[in-house]
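# After the sequence you'll find the predicted model.
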Amino acid sequence: MQTPCDAGADGAAARTLEPAADSPNASWQQRSLASVWHPCTQMQRAAAVPPLAVARASGPWLHDHEGRRYFDTSSSWWVNLFGHADPGIGAAIKAQLDQMPHVMLAGCTHAPAVELAERLSARTGGELGHLFFASDGASAVEIALKMSMHHWSNRGQPDKREFVCLQGGYHGETLGALAVTDVPVFRHAYAPLLYGGAHLVPSPDARLALPGADAAAVAERAAAALEALLAQRHAHIAALIVEPLVQGAAGMAMHHPHYLRRARALCERYQVHLIADEIAVGFGRTGSFFACEQAGIWPDLLCLSKGITGGFLPLSVVLCRDAIYRAFLSDEVARGFLHSHSYSGNALACRAALAVLDRFEQRDVLGDNARVAAVLDAALSTLAHDPRLEHLRRCGMIWAFDVRAEHAPVRFAERLHLVGRQHELLLRPIGRTVYLMPPYVLDEALARWLGARLIDTLNETLNPALAAGLGATLPPDADRTPEPSVA
Ligand SMILES: Cc1ncc(COP(=O)(O)O)c(C=O)c1O
């Protein structure tokens, strides 16, 4: 998941983490900094707080080269569903490896791609009947946007080529996905390259509730704004794109399912596609297999990635309604959807995804998650009354809270990340939002451990004495630097 990274240097906390210059960890860190351009990272700061040198990973743990372990609280950018090196998913990939690792999907087909398309479609009750393969989340978003616009054009409505997206929404870093993303720090440098036909509508983020109002009221207010735009502009609008239930990069902004129901009905009324970007929230993350299920709706186009292979291999897909698919059938080649990627439908990745689906069918993953979530809720319950914090919230297997601005030390996200490492946690806050998105391998003891370690980390991070000490080491312009985020 991409939000601006902030694992930078500052003083004492950084120094305590620094391995000896000639240690195995330091050696890999130095070689990495000399050769690897890390994603979503201001490399000048990465030099001061080098990346965690991971030697191996197993279950929820990352192990460095010197015997230390770290709990992967964000499931490695939200992809790792059943822990690292899950033997079942690994075995499925190994079996496919000897059979046929990859073959192009144009002009060929194969069992893993067909079975995955059939089984994911079945998960939508057949509402979304066709599946298009891609690789990363952003490429799935590109496909959904192109499909929507091209569909309207094939149907004789070429003016429908604008998109609606939500404030704070995040859909990826490629140019099309970035055009419907509202995270200024990612957009700013590339603004001249971005398509201008995107309309921004208010987010249903429950944190925006007015005094005395609730999440449903925020959802209704946001839906009313959407309705006003669609009423006026629908003849030009191809699709609305949303992250159902949780806007991840916005700081785990959670909303009431009412918004999705209203959005679905409005899209129906105004003949606009609803694109559900479930790249982060699909595969049980919000408590249901797909987040849209909690609103009782299906989108017209559904983007999936991240957890789809359990964090083993890059894969993304776009599922669409058959009515959309049919709009591309023609004797004219150019009316077809000619988009392609070399590794579309990679057989190894499809096998991993099938093993993930098997797991959901063989075990009560959602039930187990709900049970362990209650234990972690209890372990974190004191945070609800902590005057330094606000908006403690949970949706399925996503926990988040915000540190109040007046209690957050300078470079809060960076500091929490560094202190977390000392408590065996790999934490990546988004600005002042601290979140947990653990893999689905928690048991009750581990959930209690995680809650306790997070609270220790938080208390140490917010300790005013430590804050003062670190403040003295910051560069003179640090206070003017916008608080960066880590995800
Ligand atoms: C909701 C959402 N959409 C799209 C993406 C982009 O996915 P990728 O990083 O695989 O390109 C992300 C990544 O965090 C995401 O959270």
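Structure's in. What do you need? Values in this document were obtained by computation on a predicted structure and should not be read as measured data.
# can we go C-alpha only for contacts and neighbour counts from here?
OK.
# Could you check how far the residue most central in space within the chain is from the ligand?
Geometric centre of the chain, nearest residue: A280, 3.5 Å, by Cα atoms, centre = their mean. According to Cα to the nearest ligand atom, to the nearest Å, A280 and the ligand sit 5 Å apart.
# got the contact list for that residue?
W78, V79, G248, L304, S305, K306, G307 (Cα atoms under 8 Å, 6 or more residues apart in numbering).
# can you do 7 Å?
W78, K306 (Cα atoms under 7 Å, 6 or more residues apart in numbering).
# That one and A231, how far apart?
30 Å (Cα to Cα, to the nearest Å).
# Now name the helix or strand holding the residue nearest to the centre of the chain.
For A280, there is no host helix or strand (DSSP states H and E).
# C-terminal to the one helix or strand in the chain whose mean pLDDT sits lowest, what's the next element?
Ranking every helix and strand in the chain by mean pLDDT, DSSP states H and E puts helix 11-17 at the bottom, with a mean of 39. Counting by DSSP H and E, the next helix or strand C-terminal to helix 11-17 is helix 24-35.
# What's the first helix or strand after that following helix?
Next along from helix 24-35, by DSSP H and E: helix 43-46.
# Convert that next one to PDB, retaining C-alpha atoms only.
Provided in PDB are the C-alpha atoms of helix 43-46 (Å, rounded to 0.1, in the frame of the first residue of the first chain):
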ATOM      1  CA  MET A  43      15.600   8.000  -0.100                       C
ATOM      2  CA  GLN A  44      17.500  10.800   1.700                       C
ATOM      3  CA  ARG A  45      15.700   9.900   4.900                       C
ATOM      4  CA  ALA A  46      15.900   6.100   4.200                       C
END
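# Give me the helices and strands touching the next helix or strand after it, please.
Scanning forward in sequence from helix 43-46 by DSSP H and E, the next helix or strand is strand 54-58. Applying 3 or more Cα pairs under 7 Å, 6 or more residues apart in numbering; DSSP states H and E, one finds that strand 54-58 contacts strand 61-64.
# ok, the spatially closest residue to L226 that is not a sequence neighbour to T181 distance?
The shortest distance from L226 to any non-neighbouring residue, by Cα to Cα, 6 or more residues apart in numbering, is to V201 (6.2 Å). Counting by Cα to Cα, the separation of V201 from T181 is 12 Å.
# of those two, who's got more company?
T181 (24 against 21; other Cα atoms under 10 Å).
# List phi and psi for V333.
phi -60, psi -40 (degrees, to the nearest 10).
# mind giving me the domain ranges of the chain?
52-84+365-466, 87-362 (the TED database).
# Can I get the ones you listed in JSON lines including mean pLDDT?
Conversion of these to JSON lines gives the following (pLDDT from 0 to 100):
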{"stretch": "domain 52-84+365-466", "mean pLDDT": "96"}
{"stretch": "domain 87-362", "mean pLDDT": "98"}
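# Put together CSV for those domains, with distance to P39 on each row.
Listed next are the domains of the chain as CSV, based on distance: least, Cα to Cα, whole Å:
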stretch, distance to P39
domain 52-84+365-466, 12
domain 87-362, 11
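# Figure out which of the ones you listed is closest to D22.
Ranking the domains of the chain by their distance to D22 (criterion: Cα to Cα) puts domain 52-84+365-466 first, at 12.0 Å.
# what number of residues lie near C292?
Count around C292 with other Cα under 10 Å applied: 25.
# helix/strand/coil for it?
What DSSP: H, G, I helix; E, B strand; the rest coil gives for C292 is helix.
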